[in-house]
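Enquirer: The sequence isn't on hand, but the structure is:
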């Protein structure tokens with residue numbers, strides 16, 4: 001028994017090691033291909049806004065209708081809209097953008113469940129690797145709109161807030177939509193994280209909560225009117241180290 005366990009844990013040598021190295025090397029090229037395709041297709045869509053939210057919401061969920069309205073207004077205002085390409089909030093974002101004047105972009109991911117591409121994508125990219133997809137969400141975004149969602153939505157929110165906090169990304173509008181949904185989390189930030197010193201009060205200014213679609217669009221324009229509208233419209237220097 002012990003000998004079998006030892007054999008199972010020992011390092012591969014010879015042909016097994018060569019095969020493993022070959023597989024890992026090929027994986028690097030697959031990852032590179034996802035980055036290259038993403039950079040080529042998304043560099044031309046600026047300015048853009050990334051919208052996140054639950055894939056599990058049904059069509060009659062009020063947040064779905066709200067996401068579609070927000071995306072339509074952004075699209076008609078000149079912003080390409082980028083979503084995860086799937087159902088729920090993602091489909092609503094693509095649908096609203098598709099009906100507007102600007103591009104509707106879907107960054108699709110291969111998953112065992114939930115993720116099926118929606119039909120409202122003018123530009124569709126397909127990813128196998130989550131981290132490559134996450135880079136695409138951030139790199140060309142002029143703003144982040146975070147609708148109610150699950151762990152994936154929280155992951156994207158934490159990603160952009162961390163990048164801004166650590167100055168790996170320039171400051172862009174990060175807007176949480178759905179005060180009733182998010183206020184419990186914000187209260188926890190105050191009661192737990194700030195009280196224990198793991199974040200500062202200033203860190204909470206990285207994002208804001210808005211529910212009105214017109215106010216959301218206006219907030220994005222106000223942010224850039226205060227400093228770098230030209231950078232937003234040109235798509236240059238969107239994020240510094242990404």
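Expert: Thanks, I have it. Owing to the predicted nature of the structure, the values given are computational and were not obtained by experimental measurement. Numbering: from 1, shown residues only.
Enquirer: what's the residue nearest the centre of the chain sitting at in phi/psi?
Expert: For the chain, the residue nearest the mean C-alpha position is residue 137 (4.2 Å; C-alpha atoms, centre = their mean). Main-chain torsions, residue 137, degrees, to the nearest 10: phi -60, psi -40.
Enquirer: That one reaches residue 50, doesn't it?
Expert: Yes. The criterion here is C-beta atoms under 8 Å, and residue 137 meets it with residue 50 at 4.8 Å. C-betas here are computed from N, CA, C, even on glycine.
Enquirer: any common contacting residues for the two?
Expert: 82, 156 (C-beta atoms under 8 Å, 6 or more residues apart in numbering).
Enquirer: that older thread, residues contacting the residue nearest to the centre of the chain?
Expert: With the criterion set at C-beta under 8 Å, 6+ apart, residue 137 makes contact with 50, 52, 82, 107, 156, 159.
Enquirer: Can you lay out these as TSV showing pLDDT, distance to residue 224 and secondary structure?
Expert: Putting the contacts of residue 137 into TSV (pLDDT from 0 to 100; distance: C-beta to C-beta, whole Å; DSSP: H, G, I helix; E, B strand; the rest coil) gives the following:
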residue	pLDDT	distance to residue 224	secondary structure
50	98	16	strand
52	97	21	strand
82	98	17	strand
107	96	23	strand
156	95	21	helix
159	95	21	helix
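Enquirer: which one of those has the most neighbours?
Expert: residue 82 (30 neighbours; other C-beta atoms under 10 Å).
Enquirer: ok, now which ones touch it?
Expert: Residue 82 sits in contact with 42, 45, 48-51, 105-107, 136-137, 140-141, where contact means C-beta under 8 Å, 6+ apart.
Enquirer: before we move on, back to that, any idea which of the contacts of residue 137 is closest to residue 98?
Expert: Distance to residue 98, by C-beta to C-beta, is smallest for residue 82 among those, at 12.5 Å.
Enquirer: Against residue 100, how distant is the nearest residue to residue 127 once chain neighbours are set aside?
Expert: Among residues not flanking residue 127 along the chain, residue 133 sits closest, at 4.0 Å (C-beta to C-beta, 6 or more residues apart in numbering). According to C-beta to C-beta, to the nearest Å, residue 133 and residue 100 sit 24 Å apart.
Enquirer: What of residue 27?
Expert: Applying C-beta to C-beta to residue 27 and residue 100 gives a distance of 38 Å.
Enquirer: The two: which has the busier surroundings?
Expert: Per other C-beta under 10 Å, whichever of residue 27 and residue 100 has more neighbours is residue 100, with 20 against 12.
Enquirer: from memory that one sits against residue 76, does it?
Expert: Yes. Contact status for residue 100 versus residue 76: in contact at 4.5 Å, counting by C-beta under 8 Å.
Enquirer: quick one: least confident helix or strand in the chain?
Expert: helix 2-9 (a mean of 51; mean pLDDT, DSSP states H and E).
Enquirer: which regions of this structure sit below the pLDDT cut-off?
Expert: Residue ranges of the chain with pLDDT under 70: 1-15, 113-115, 228-242.
Enquirer: in which helix or strand would I find residue 66?
Expert: helix 62-76 (DSSP states H and E).
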